[in-house]
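In: Fold the stuff below for me.
(one chain, ligands or ions: 1)
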Amino acid sequence: MQQHHQILIIGGGNAGISTAAQLLRKRPGLDIAIIEPSEKHYYQPAWTLVGAGTFDIHDTVRSEASVLPKGVKWIKEAAAQFEPDQNMVITANGGEYTYDYLIVAPGIQLNWHLVKGLPETLGKNGVTSNYSFELAPYTFELLKDLKAGDTALFTSPGTPVKCGGAPQKIMYLTADYLRKHGLQGKTKVEFVTAGSVIFGIKKYADELMKKVNEYGIGLNFKHDLVEIDGPAKIATFKVVDPQGVTTLISKHFDMIHVVPPQSAPDFIRKSPLANEAGWVDVNKSTLQHNRYPRIFGIGDATSTPNAKTGAAVRKQAPVLVKNLLSFIDGEPLHAVYTGYGSCPLVVGYGKLILAEFGYENEPMETFPFDQSKPRWTMWALKKYVLPWLYWNKILKGTA
Ligand SMILES: Cc1cc2nc3c(=O)[nH]c(=O)nc-3n(C[C@H](O)[C@H](O)[C@H](O)COP(=O)(O)OP(=O)(O)OC[C@H]3O[C@@H](n4cnc5c(N)ncnc54)[C@H](O)[C@@H]3O)c2cc1C
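Out: Numbering: from 1, shown residues only. Just a heads-up that it's a prediction; the model follows:
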């Protein structure tokens, strides 16, 4: 049996819920349904702080039912297939849902399986990741257990990731924790990244390098994690030298924080909605699909070349809402997303650099001071203000 809705949204995460809430505030009569399989809704940005033992994991999760805007129908299924020529989405259970307009917001996919040995050793043998609700508390367990002579590794993959700063935020927190406990210089902290720079924007990279030097952190660029042997505590990296020659390098760890390779979700990648790289193929200014005008995309799953963050979603949602309503009314799309993304770079307990920038990597700072300097006020913003704003304003469509 087919079910029809005026607006169908795929994904009830940060993007799906805030967009639905804003649409209903602007036009209360809309018939909106969200396809979302998860019973739980997560505030992922706080997982960095959970890993450092300074935020309660239970405050990062609520039931999906509790965040669903009133009047929105929840279809508790997983979308599996798109038939854009018939304006239809088919779910994993075979349910068929047709729409007048579709918003695609299923987030990014974590590909743990692409690192050999990783899935079976996650959560034990000193192997952890703040990219998982289940594992973030284990990060702090490991951090507390570090002792003189130990090595802590922090990895970052060669793929796009959500929150590009998260792989290193937990590293600075670990280094600060060790410093506070008299272990700086007696333990090794290393960043082992597939990337070639510490951060893409010089203004912030310069300040991060000061922290790297202050904490005595070792830097290894162009190192892509390919295998972990948990019981032996060995991580293996593929390294490409400047001549393009590839070698494998193994490193011992006592603790390793892994950021998994990431991609667009498989069901998006293999769908007609995807661009060549697999992302939902939208116009980077209007967020309308490049080939199917009834379809819009938002959040981590889209092709827009911005930093994949909740901060970006916050700027995208009003643009999508305005443009979709204009489209429904047969008017031109005037709202423009400028590529804004933000990265609250935690560089120690009580210290945060608030990087904010657009498509051209040009800083787009909010406050009337130099945000590249670590500040307690910006830490307070991340730890206290933003979580409150998320649950009480962003998901309600008022911020
Ligand atoms: C450790 C960590 C730290 C971070 N730190 C920050 C930060 O400091 N600042 C910041 O702004 N951002 C941060 N982020 C990123 C932020 O959480 C994401 O960018 C944001 O959640 C993206 O919203 P989204 O709706 O696109 O995806 P999500 O919020 O991940 O939601 C996607 C939803 O789609 C659902 N879904 C998946 N598959 C299907 C399917 N087949 N059918 C239907 N629904 C489906 C999922 O269940 C989920 O509910 C961080 C993320 C992590 C993991």
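In: Would you point out which residue of the stretch 251-399 of the chain is nearest the ligand?
Out: With C-beta to the nearest ligand atom, the shortest gap between the stretch 251-399 of the chain and the ligand falls at Gly299, namely 2.3 Å. Yep, even glycine has a C-beta here, placed from its N, CA and C like the rest.
In: Pull the number of nearby residues for that residue.
Out: A total of 30 residues lie near Gly299 under the criterion other C-beta atoms under 10 Å.
In: Next up, the contacts around it.
Out: 11, 13-16, 105, 107, 308, 312-313, 316 (C-beta atoms under 8 Å, 6 or more residues apart in numbering).
In: nearest spatial neighbour of the residue in the stretch 101-250 of the chain positioned nearest to the ligand, skipping sequence neighbours?
Out: Closest residue of the stretch 101-250 of the chain to the ligand, C-beta to the nearest ligand atom: Gly107 (2.9 Å). Counting by C-beta to C-beta, 6 or more residues apart in numbering, Gly107 lies nearest to Asp300, which is 4.8 Å off, once chain neighbours are set aside.
In: so what pLDDT did the residue of the stretch 251-399 of the chain closest to the ligand get?
Out: We have a pLDDT of 98 for Gly299.
In: Name the surrounding residues that touch stretch 366-379.
Out: Stretch 366-379 has contacts (C-beta under 8 Å, 6+ apart) with 203-204, 206-207, 211, 344, 346-356, 363, 365.
In: try 7 Å this time
Out: Residues outside stretch 366-379 that contact it (C-beta atoms under 7 Å, 6 or more residues apart in numbering): 203-204, 207, 344, 346-347, 350-354, 356, 365.
In: Among those, name the buried ones.
Out: 203-204, 207, 344, 346-347, 351-354, 356 (16 or more other C-beta atoms under 10 Å).
In: Looking at those, spot the one nearest Pro37.
Out: Lowest distance from Pro37 to those (C-beta to C-beta) belongs to Pro344, with 29.3 Å.
In: where does the stretch 201-350 of the chain come near the ligand, residue by residue?
Out: Contact residues (C-beta under 6 Å from any ligand atom) of the stretch 201-350 of the chain with the ligand: 265, 267, 299-301, 308-311, 313, 342, 344.
In: could you redo the last one with a cut-off of 8 Å?
Out: Counting by C-beta under 8 Å from any ligand atom, the residues of the stretch 201-350 of the chain close to the ligand are 265, 267, 298-301, 308-314, 341-344.
In: Give me the nearest residue to whatever residue of the chain ends up closest to the ligand, chain neighbours excluded.
Out: Here the chain gets closest to the ligand at one residue, Gly13, 1.7 Å apart by C-beta to the nearest ligand atom. Once flanking residues are discounted, Gly13 sits nearest to Gly107: 5.2 Å by C-beta to C-beta, 6+ apart.
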